[in-house]
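*Asks:* All I have is the shape, not the residue letters:
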């Protein structure tokens, strides 16, 4: 996934940089290692639609926020959403939980991004298919390349 992602960004003339670091699974710790703010982290969570378990959604939100499953369900016109099982995430993305990048390479997965992530920062940061490698990517380039559905999916309060 790491090499595929780098090639994909190069093919689309994206402005990005790679940071290799010790494996971290915590948003605060990885932000410190990257030299970025926690909110700049594009937290990627693979979710499933309850009434259609085969329908998956990759929800992307700022690293300092929590997901609101009701808002996510509304965004994808579903009744209920929940986290996909770790083994489903691995099978569908090729990545362990925590290493999933904010891109989809499968037509089976819908991409939904909370717009506050892109509005707050000129660059986003994310694990690039590995827990020990991150990419910092220009936000405008991310939007242009990923073409996500933008919807408020962050919990309030």
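*Replies:* Looks like it came in fine. Here the structure is a predicted model, which means the values were calculated and not measured.
*Asks:* neighbouring contacts of the longest strand that the chain contains?
*Replies:* For the chain, the longest strand by residue count, based on DSSP state E, is strand 52-62. By CB atoms under 8 Å, 6 or more residues apart in numbering, the residues outside strand 52-62 that reach it are 38-49, 67, 72, 76, 78, 81, 84, 88, 92-93, 100, 102, 104, 108-114, 116-117, 120, 148, 153-154. Every C-beta, even on glycine, is put in place using the N, C-alpha and C of the backbone.
*Asks:* Now do the strands in the chain.
*Replies:* With DSSP E as the criterion, the chain has strands spanning 16-20, 42-49, 52-62, 81-83, 109-113, 123-130, 133-138, 149-150.
*Asks:* Make TSV from the ones you listed and add distance to residue 10 to it.
*Replies:* Shown next, in TSV, are the strands of the chain (distance: least, CB to CB, whole Å):
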stretch	distance to residue 10
strand 16-20	9
strand 42-49	19
strand 52-62	21
strand 81-83	32
strand 109-113	20
strand 123-130	13
strand 133-138	11
strand 149-150	25
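*Asks:* Tell me how far residue 50 lies from residue 90.
*Replies:* Applying CB to CB, to the nearest Å, the value for residue 50 to residue 90 is 21 Å.
*Asks:* and what of residue 61?
*Replies:* Taken as CB to CB, the span from residue 61 to residue 90 is 21 Å.
*Asks:* just residue 11 next, same as before
*Replies:* Noted for residue 11: a distance of 25 Å to residue 90, by CB to CB.
*Asks:* can you list the strands of the chain in a markdown table and add mean neighbour count, distance to residue 34 and mean pLDDT?
*Replies:* As requested, those are exported to a markdown table (neighbours: other CB atoms under 10 Å; distance: least, CB to CB, whole Å; pLDDT from 0 to 100):
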| stretch | mean neighbour count | distance to residue 34 | mean pLDDT |
| --- | --- | --- | --- |
| strand 16-20 | 14 | 5 | 95 |
| strand 42-49 | 23 | 12 | 96 |
| strand 52-62 | 20 | 14 | 93 |
| strand 81-83 | 18 | 24 | 96 |
| strand 109-113 | 20 | 19 | 97 |
| strand 123-130 | 24 | 5 | 94 |
| strand 133-138 | 22 | 5 | 96 |
| strand 149-150 | 15 | 24 | 98 |
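*Asks:* Of these, which is nearest residue 5?
*Replies:* Closest approach to residue 5 among the strands of the chain (CB to CB): strand 123-130, 5.3 Å.
*Asks:* Mind giving me the packing neighbours of the closest one?
*Replies:* Here strand 123-130 touches helix 2-11, helix 27-34, strand 42-49, strand 133-138, helix 139-146, going by 3 or more CB pairs under 8 Å, 6 or more residues apart in numbering; DSSP states H and E.
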